[in-house]
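J.: Just need the structure, nothing else, for what follows:
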Amino acid sequence: EVCSYQPYDYIYGKYSKLVDESIYWRPEGHKHPFRDYVRLKLISLLIESKPPQGGERLKIRRYLSNRSILAIYPLHNRRITEMLSFKWLSISVLPWQAPMFTIKEYFGDKIGLYFQFIGHYTSFLLIPSCIGLILQIIVIATGNFSLSVLPGFSFLLSIWSIFMLEFWKRKEIRIALEWGNLNFESNEVDRADFTGNTI
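T.: Down below sits the predicted model:
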């Protein structure tokens, strides 16, 4: 098997009302194809964008910095937070078993990617931690704090770090494909309060 993905898995495109609505995936219980996090981003864009782009051009960051507004944040969805608490915060759930897609859908791509990395890093830490625990037991049992294998363990850690990062790069690309974040930088909207210098 070359690839575990089906031909039409993880295809993302620009939303259009001119297309038949039945082709869009919908979150469970929603009549529209926009996830909660996407809806919050759209609302933020409408508030901060310039009027020709359909926005109101409210300078939220400026209002926050000059203390005209103390804070701005969305309210939590109690049903989803309770479900996440049940699935995620159990003592039997290991970091790499967290419901990553649900975390990403609720908290956003950056937070989801952070917890993906934490799960990846924690799972990779099992290898050096087991070896290090064995070496620590040997050091304590023999009383020899300058074992000849300790420099080798340091070398192993440097090789481990390279492997961990290379496997993370592969996993990050796969996650970007699955979450529809490939080349997302080209779709980023400029901040409404951005003023640059002409070079």
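J.: quick one: secondary structure of the residue nearest the centre of the chain?
T.: Among the residues of the chain, residue 113 comes closest to the average C-alpha position under C-alpha atoms, centre = their mean, at 1.8 Å. Three-state assignment for residue 113 (DSSP: H, G, I helix; E, B strand; the rest coil): helix.
J.: Tell me the spacing between it and residue 5.
T.: As judged by C-beta to C-beta, to the nearest Å, residue 113 and residue 5 stand 20 Å apart. The C-beta positions use only the backbone N, C-alpha and C, and glycine is treated the same way.
J.: Likewise for residue 125?
T.: In this view, residue 125 and residue 5 are 29 Å apart by C-beta to C-beta.
J.: Could I get the phi/psi values of residue 75?
T.: phi -80, psi 150 (degrees, to the nearest 10).
J.: should've said residue 37
T.: phi -70, psi -40.
J.: Any idea how many residues pack against the nearest residue to it once chain neighbours are set aside?
T.: In space, and not counting its chain neighbours, residue 37 is closest to residue 108: 5.0 Å by C-beta to C-beta, 6 or more residues apart in numbering. Residue crowding around residue 108 was assessed by other C-beta atoms under 10 Å; the count is 17.
J.: hang on, residue 108 packs against residue 38?
T.: No. With contact defined as C-beta atoms under 8 Å, residue 108 does not reach residue 38; the gap is 9.4 Å.
J.: low pLDDT regions in this structure?
T.: 1, 184-194 (pLDDT under 70).
J.: quick one, helices of it?
T.: Listed in chain order, the helices of the chain (DSSP state H) span 36-48, 60-65, 78-88, 100-107, 109-142, 150-179.
J.: Would you tell me which one of those is buried the most?
T.: helix 100-107 (a mean of 18; mean count of other C-beta atoms under 10 Å).
J.: Please report the distance of residue 174 from residue 62.
T.: 39 Å.
J.: Residue 33 now?
T.: For residue 33, the distance to residue 62 - C-beta to C-beta - is 33 Å.
J.: picking that back up, residues in contact with the residue nearest to the centre of the chain?
T.: 104, 172, 175 (C-beta atoms under 8 Å, 6 or more residues apart in numbering).
J.: if you set the cut-off to 6 Å instead, what comes out?
T.: By C-beta atoms under 6 Å, 6 or more residues apart in numbering, the contact list for residue 113 is empty.
J.: And for residue 73?
T.: No contacts exist for residue 73 under C-beta under 6 Å, 6+ apart.
J.: I'm done for today, thanks for sticking with me.
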